[in-house]
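Visitor: What follows is a predicted protein model with its sequence.
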Amino acid sequence: MNALKTLHGEAMTRICEHLAGHYHVIRVAYGVEKVEARFDETEGDGWVEIDIHNHYGRGNLQCYLNRYGNRRGGDYKSLLSGGTPEQLYAAINKLIEGKKA
């Protein structure tokens, strides 16, 4: 439970709550300076991986969002690399809107 009290843990908790209706949470791994999660798409056509880093506990979060498809040959797209939590939330909202369209 202490992991949820960290800055990066709180950010991931909010993301999990936001994605709950659109993706199945497969795994969330909390670490001292990093939290990572994997979410399967409800339609089963891929998955999303999110990493949030808090390097050296400085409070400067770096966020990464990657989407993988089920097709062979590396159906992979980096949607955010080294962004802020606000940029991560915006990228997730675009991802969700794309699923609804």
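Guide: Thanks, I have it.
Visitor: for the chain, what are the low-confidence residue spans?
Guide: 1-6, 43-44, 56-59, 71-74, 99-101 (pLDDT under 70).
Visitor: quick one: the helices in it?
Guide: In the chain, the helices defined using DSSP state H lie at 7-19, 85-100.
Visitor: Off-centre distance for the first one?
Guide: The chain centroid and the centroid of helix 7-19 are separated by 8 Å, computed with Cα atoms, centre = their mean, to the nearest Å.
Visitor: most packed of the helices of the chain?
Guide: Most buried of the helices of the chain by mean neighbour count (mean count of other Cβ atoms under 10 Å) is helix 7-19; its value is a mean of 18. For every residue, glycine as well, the C-beta is placed using N, CA and C.
Visitor: Which neighbouring elements make contact with it?
Guide: Taking 3 or more Cβ pairs under 8 Å, 6 or more residues apart in numbering; DSSP states H and E as contact, the helices and strands that helix 7-19 lies on are strand 23-30, strand 34-41, strand 46-54, strand 61-69, helix 85-100.
Visitor: Restricting to C-alpha, output that helix in PDB.
Guide: Below are the C-alpha coordinates for helix 7-19, written out as PDB (Å, rounded to 0.1, in the frame of the first residue of the first chain):
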ATOM      1  CA  LEU A   7       4.000  10.300  -6.700                       C
ATOM      2  CA  HIS A   8       4.300   7.800  -9.600                       C
ATOM      3  CA  GLY A   9       2.000   5.300  -7.800                       C
ATOM      4  CA  GLU A  10      -0.700   7.900  -7.400                       C
ATOM      5  CA  ALA A  11      -0.400   8.800 -11.100                       C
ATOM      6  CA  MET A  12      -0.700   5.100 -12.100                       C
ATOM      7  CA  THR A  13      -3.700   4.600  -9.800                       C
ATOM      8  CA  ARG A  14      -5.600   7.500 -11.500                       C
ATOM      9  CA  ILE A  15      -4.700   6.000 -14.900                       C
ATOM     10  CA  CYS A  16      -6.000   2.500 -13.900                       C
ATOM     11  CA  GLU A  17      -9.300   4.100 -12.800                       C
ATOM     12  CA  HIS A  18      -9.500   6.100 -16.000                       C
ATOM     13  CA  LEU A  19      -8.900   3.000 -18.300                       C
END
